[in-house]
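In: 3D model of this:
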Amino acid sequence: MSNPNRWMLIKRFAEVTGYSENAVRHKIKGGIWVEGRIWRKAPDGRIFVNMDEFERWVESQALTLSL
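Out: Numbering: from 1, shown residues only. So this is what the prediction gives:
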């Protein structure tokens, strides 16, 4: 079954993670986060962030830095 909290709007994502909304938008605009994987635009134009993929991204960065 799908995680109901997997996709969330930027505002909620910022509340949960502590990232500012501006930081999230910067990662999206700068191409740091891959569209379709970590974030996507809904049909109404609103941007959603995938919490599962964000966590994978965080873990991958930690692994890369520890090598």
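In: can you give me the helices in the chain?
Out: Using DSSP state H, the helices of the chain run over residues 10-17, 21-29, 51-66.
In: Let me have those helices in TSV, extended by mean pLDDT, distance to Asp44 and mean neighbour count.
Out: Heads up, the C-betas are built off the backbone N, CA and C, glycines and all. Formatted as TSV, those follow (pLDDT from 0 to 100; distance: least, C-beta to C-beta, whole Å; neighbours: other C-beta atoms under 10 Å):
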stretch	mean pLDDT	distance to Asp44	mean neighbour count
helix 10-17	97	14	16
helix 21-29	98	17	14
helix 51-66	80	20	12
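In: need the contact list for the closest residue to Thr17 other than its chain neighbours.
Out: With C-beta to C-beta, 6 or more residues apart in numbering as the criterion, Thr17 has its nearest non-adjacent residue at 7.3 Å, and that residue is Phe54. Each residue near Phe54 by C-beta atoms under 8 Å, 6 or more residues apart in numbering is listed here: Phe13, Thr17, Trp33, Ile38.
In: show me the contacts for the last one.
Out: Shown in contact with Ile38 (C-beta under 8 Å, 6+ apart): Val49, Asn50, Glu53, Phe54, Trp57.
In: try the first one
Out: Under the criterion of C-beta under 8 Å, 6+ apart, the neighbours of Phe13 are Tyr19, Val24, Val49, Met51, Phe54.
In: closest to Ala42 out of the helices of the chain?
Out: helix 10-17 (11.6 Å; C-beta to C-beta).
In: Please name the bridge partners of the spatially most central residue of the chain.
Out: Residue closest to the mean C-alpha point of the chain, counted by C-alpha atoms, centre = their mean, is Val49 at 4.0 Å. Taking DSSP bridges as the rule, Val49 bridges to Met8, Trp39.
In: Much appreciated, bye for now.
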